[in-house]
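Peer 1: only the shape, not the letters, is given here:
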């Protein structure tokens, strides 16, 4: 048994497209979706901050002065953190913010988001979204009837005209089905997918 997604094809009589219920009929799992979004955003962090400890700073091989008899505090190196030219105490090191998430959990989370988008009538399928030209005006005219502040367009393969036309529309994002991520899905008010992209999602997630 399948579910139906509304179609925006102007040149065809078909008003709905049937999709796999195993992909678009999942229950809403808020906890898993939250974990999915947090994991993706954490993995996007650079984590490249780095400072030098006393062992990383060059120099400081000889003892500045003798241990006793000078009246000054004893010191073994000029690269100690208490010296101006010394290293940093508890220095920051490059690190990874990646969080582990099983592939099965990722698939279930994406299916849960897609299913919720369908229940809220926020996902449609369209053949007409692929443009014959790279003019932003043409894409704007196709999307102006949609009441949405953020629009996500999912395609099966890279469409150069669509990519160029969407660059000057800050509320429009174009992505391939294989590169789909939970953050874009959750933040989109309206999702437009090509039939080829839907087939790829069903094959990947079923």
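Peer 2: Thanks, I have it. Fair warning: this is a prediction, and the values are worked out from it, not measured in the lab.

Peer 1: can you pull out the strands in this structure?
Peer 2: 2-6, 16-20, 123-125, 151-155, 172-176, 190-193 (DSSP state E).

Peer 1: got these as TSV, with mean neighbour count columns?
Peer 2: Quick note: C-beta positions are derived from backbone N, CA and C, even for glycine. TSV is the format used below for those (neighbours: other C-beta atoms under 10 Å):
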stretch	mean neighbour count
strand 2-6	15
strand 16-20	17
strand 123-125	23
strand 151-155	23
strand 172-176	18
strand 190-193	24
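
Peer 1: select from those strands the stretch with the lowest mean pLDDT.
Peer 2: In terms of mean pLDDT, the lowest-scoring of the strands of the chain is strand 2-6 (a mean of 77).

Peer 1: out of the strands of the chain, which gets nearest to residue 68?
Peer 2: Distance to residue 68, taken as C-beta to C-beta, is lowest for strand 172-176 among the strands of the chain, at 69.3 Å.

Peer 1: so what strands line up beside the closest one?
Peer 2: Sheet neighbours of strand 172-176, with direction, are listed as strand 151-155 (parallel) (DSSP bridges).

Peer 1: got a list of contacts for the strand it pairs with?
Peer 2: Strand 151-155 has contacts (C-beta atoms under 8 Å, 6 or more residues apart in numbering) with 129-130, 143, 162, 166, 171-177, 180, 184-185, 188-194, 196-197, 201.

Peer 1: okay, residue 102: pLDDT?
Peer 2: Reported pLDDT for residue 102: 92.

Peer 1: among the strands of the chain, which comes closest to residue 69?
Peer 2: Per C-beta to C-beta, nearest to residue 69 of the strands of the chain: strand 172-176, 71.2 Å.

Peer 1: return the distance of the closest one from the chain's centre.
Peer 2: Mean C-alpha position of strand 172-176 versus that of the full chain (C-alpha atoms, centre = their mean, to the nearest Å) differs by 12 Å.
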